[in-house]
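Visitor: got a predicted structure plus its sequence, pasted below:
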Amino acid sequence: MHRPSNTEAPWQVGVLFSQTGVTAGIERTQLQGTLLAIEELNAAGGVNGREIVPVIHDPASDPGRFGALAERLLAEDRVTAIFGCYMSSTRKAVLPVVERRNGLLLYPTLYEGFECSRNVIYTGAAPNQNGEQLADYLTRTYGNRFYLVGSNYIYPLESNRSMRNLVEQRAGKILGEKYVPIGATRKSFNSIIKDIAKKDPDVIFSTVVGAATAHFYQAYAEAGFDPARMPIASLTTSEAEVAEMGAAAARGHITAAPYFHSLETEANRRFVARYAQRFGTDQRTNACCEAAYFQVHLFAEALRIVNCMDTDLLRRAMLGLEFDAPQGRVRIDPDNNHTYLWPRVARVGEDGAFVVVEQSLVAVKPDPYLVEHNLADWSSRQLRYASM
Amino acid sequence: MSVDLLRDIRSFRVAVIHPQDREAEELIRQLRRIGCQVTADWPPPKELPAGVDLIFLDIAQLVSGEVRVTWANGGEAPPVVAVLDYENPTILKAVADYGAHGFVSKPIRPFGLLTTMFMAQRAADGERTLRKKLRKAEQKLDGLKKVSKAKAILIDTRHMSEEEAYRFIRERAMAKRTTIEDIAATIIDAQEMLGLNHSPP
């Protein structure tokens, strides 16, 4: 049992998003989403009358720094909850720390699945909440001959394995599978672009992450390929990456995610307006930023209930909790600590904004240990096709 | 026998193929406590280090890195213990490809390491014994097939009874101080070369 505190002292929480390094572009938006939610809560009087104060460190896109800073947050800064991580390698570095010190990591990023730590709440998409829908849309719309390009680490490798499986289920073919280093430059893509021109696939599936994403899309544009006939499809190319590469390079390409800046829900209109007001009118939100935003609200709701920073109590309160997120109503699945989310597929329009072309009518239950995806399942679950 | 194996493990030469970091340090420390002689290598050496009894392999690093290890999964290669921090299908496929006989998960803890090595070694020993038995059984079966084919040739071309055919082969083997399988093979070869009228049963 915990004692209700009578103190006015603020609630301290840890925040670990890279402000420098290869994935700073996307992680900065996750930091901003986190801060926006904290500021909203504080403006409304805090949680049970106490302000939330973020302790922010910059782990610089480096797994080693993520691990060390998580240690520092839990051991020296004395927080119990950390909002953070983008790349799987950085989550894996934080994981043993939060497990050993019984902290709670709130992880707002899509990832490759096959993990379920009791010390993590996963608010980004599991593969059954984005990859499946993407493969379905692509094979139906463009064809089933795929070319896979990714950054060389676990997420792309596993993502591509799963995509290969989905494509083969559709009697499709993988024409190539190529990897570039995480800090890849434009040059890294020269031979890949040549190979793509030669093999002429229907779809390029990209699991390139971070700054290299812009190089890849720009190299594609320069080669004069046509996105209407052979788009790049991705789960990680969000509004943040589009901003880095520019609308000209992004136009016509496809991304699957539970959230897009352009969604017209009431909650999203408020979210987007406040985000622009706080960080600048040129700033667009994205799925990782939105998850970072709503997970703070979910956490605050749990904190309001238990009124203390005890990890076990917070976790128990968070499991099963629901929230009207910008993407729709989400719920933490008590079975696996992941989140019910709303799969969507979108195409980048003329102005660089994503236009949703397909979306699920229900929030899909996360299934982090799914090995064999089934294309037919989702399409039979009454898809709604938005006008294109 | 099991206790003997434990005694063996204490004198094992263990190769740790893992980048030098806190995990590797913890692993090596515990291996030395157990009594093993440890060598640590990263990047992986091009060939199997000589005299190694057991290998620890960092699978995720090998899957996503540029380096490959080709010497870890031969028939006579020492058993492999996979060091894991992911357990998705990509990783599990690599665990199978490297023929791992056990695994340890990161973060490395001293407890369980000895059990993992014990079981990996036992499984590898068991496999080796079975492989040897299987090879012998296959040879035996092959010999029996030859003898029965040679007998059929003799029955067919020399009009012998089955017993006479067998005795004929055995006497030739004794006279030539060789095995009946060898004599059988000679009869089959001769028959094939001369193309005598014989259709195999």
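Guide: Thanks, I have the structure now.
Visitor: from here on, contacts and neighbour counts on C-alpha atoms
Guide: OK.
Visitor: all helices for the chain, in order.
Guide: I'll assume chain A. Ranges of helices in chain A, per DSSP state H, are A:24-43, A:63-75, A:88-100, A:131-141, A:154-169, A:190-199, A:212-222, A:239-245, A:247-250, A:266-279, A:287-306, A:311-318, A:375-380.
Visitor: try again with chain B
Guide: Under DSSP H, chain B gives helices at B:2-10, B:22-34, B:59-64, B:89-97, B:113-157, B:162-175, B:180-194.
Visitor: can the ones you listed go into TSV with extra columns for distance to residue A:336 and mean neighbour count?
Guide: Putting those into TSV (distance: least, Cα to Cα, whole Å; neighbours: other Cα atoms under 10 Å in any protein chain shown) gives the following:
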stretch	distance to residue A:336	mean neighbour count
helix B:2-10	39	14
helix B:22-34	27	17
helix B:59-64	24	20
helix B:89-97	19	17
helix B:113-157	28	16
helix B:162-175	69	16
helix B:180-194	63	17
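Visitor: in a markdown table, list these along with mean pLDDT and distance to residue A:19.
Guide: Below are the helices of chain B laid out as a markdown table (pLDDT from 0 to 100; distance: least, Cα to Cα, whole Å):
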| stretch | mean pLDDT | distance to residue A:19 |
| --- | --- | --- |
| helix B:2-10 | 80 | 48 |
| helix B:22-34 | 94 | 26 |
| helix B:59-64 | 87 | 25 |
| helix B:89-97 | 93 | 30 |
| helix B:113-157 | 93 | 39 |
| helix B:162-175 | 92 | 83 |
| helix B:180-194 | 89 | 76 |
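Visitor: format the ones you listed as TSV; extra columns: distance to chain A.
Guide: Compiled in TSV, the helices of chain B are given as follows (distance: least, Cα to the nearest Cα, whole Å):
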stretch	distance to chain A
helix B:2-10	29
helix B:22-34	10
helix B:59-64	5
helix B:89-97	5
helix B:113-157	18
helix B:162-175	56
helix B:180-194	48
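Visitor: got TSV for these, with distance to residue A:52 too?
Guide: Formatted as TSV, those follow (distance: least, Cα to Cα, whole Å):
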stretch	distance to residue A:52
helix B:2-10	54
helix B:22-34	34
helix B:59-64	38
helix B:89-97	40
helix B:113-157	43
helix B:162-175	93
helix B:180-194	86
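Visitor: before we move on, the earlier item: let me know which of the helices of chain A is the nearest to chain B.
Guide: For those, proximity to chain B was assessed by Cα to the nearest Cα; helix A:154-169 is nearest, at 5.5 Å.
Visitor: average pLDDT for the closest one?
Guide: Across helix A:154-169, pLDDT averages out at 92.
Visitor: got the CA coordinates for that helix in PDB?
Guide: Provided in PDB are the C-alpha atoms of helix A:154-169 (Å, rounded to 0.1, in the frame of the first residue of the first chain):
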ATOM      1  CA  ILE A 154      17.100  -5.900 -36.800                       C
ATOM      2  CA  TYR A 155      13.900  -3.900 -37.600                       C
ATOM      3  CA  PRO A 156      14.300  -3.900 -41.400                       C
ATOM      4  CA  LEU A 157      15.600  -7.500 -41.500                       C
ATOM      5  CA  GLU A 158      12.600  -8.800 -39.600                       C
ATOM      6  CA  SER A 159      10.200  -6.400 -41.400                       C
ATOM      7  CA  ASN A 160      11.400  -7.700 -44.700                       C
ATOM      8  CA  ARG A 161      11.100 -11.300 -43.600                       C
ATOM      9  CA  SER A 162       7.500 -10.600 -42.800                       C
ATOM     10  CA  MET A 163       6.900  -8.700 -46.000                       C
ATOM     11  CA  ARG A 164       8.400 -11.500 -48.100                       C
ATOM     12  CA  ASN A 165       6.000 -13.900 -46.400                       C
ATOM     13  CA  LEU A 166       3.000 -11.600 -47.200                       C
ATOM     14  CA  VAL A 167       4.100 -11.200 -50.800                       C
ATOM     15  CA  GLU A 168       4.700 -14.900 -51.300                       C
ATOM     16  CA  GLN A 169       1.200 -15.600 -49.900                       C
END
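Visitor: check which helices and strands it sits against.
Guide: Packing partners of helix A:154-169 (3 or more Cα pairs under 8 Å, 6 or more residues apart in numbering or on different chains; DSSP states H and E): helix A:88-100, helix A:131-141, strand A:145-151, strand A:173-180, strand A:203-207, helix B:59-64, helix B:89-97.
Visitor: what's the angle from that helix to strand A:145-151?
Guide: Our comparison of helix A:154-169 with strand A:145-151, counting by axes from the mean of the first three to the mean of the last three Cα atoms, to 10 degrees, yields an angle of 170 degrees.
Visitor: helix A:154-169 to helix B:89-97, inter-axis angle?
Guide: Going by the same axes, to 10 degrees, helix A:154-169 makes 90 degrees with helix B:89-97.
Visitor: list the contacts for residue A:154?
Guide: The contact partners of residue A:154, by Cα atoms under 8 Å, 6 or more residues apart in numbering or on different chains, come to A:88, A:89, B:60, B:63, B:64.
Visitor: pull the number of nearby residues for the residue of the stretch 151-300 of chain A found nearest chain B.
Guide: Chain B sits closest to residue A:153 of the stretch 151-300 of chain A, with a gap of 5.0 Å, by Cα to the nearest Cα. Neighbourhood size, residue A:153 [other Cα atoms under 10 Å in any protein chain shown]: 23.
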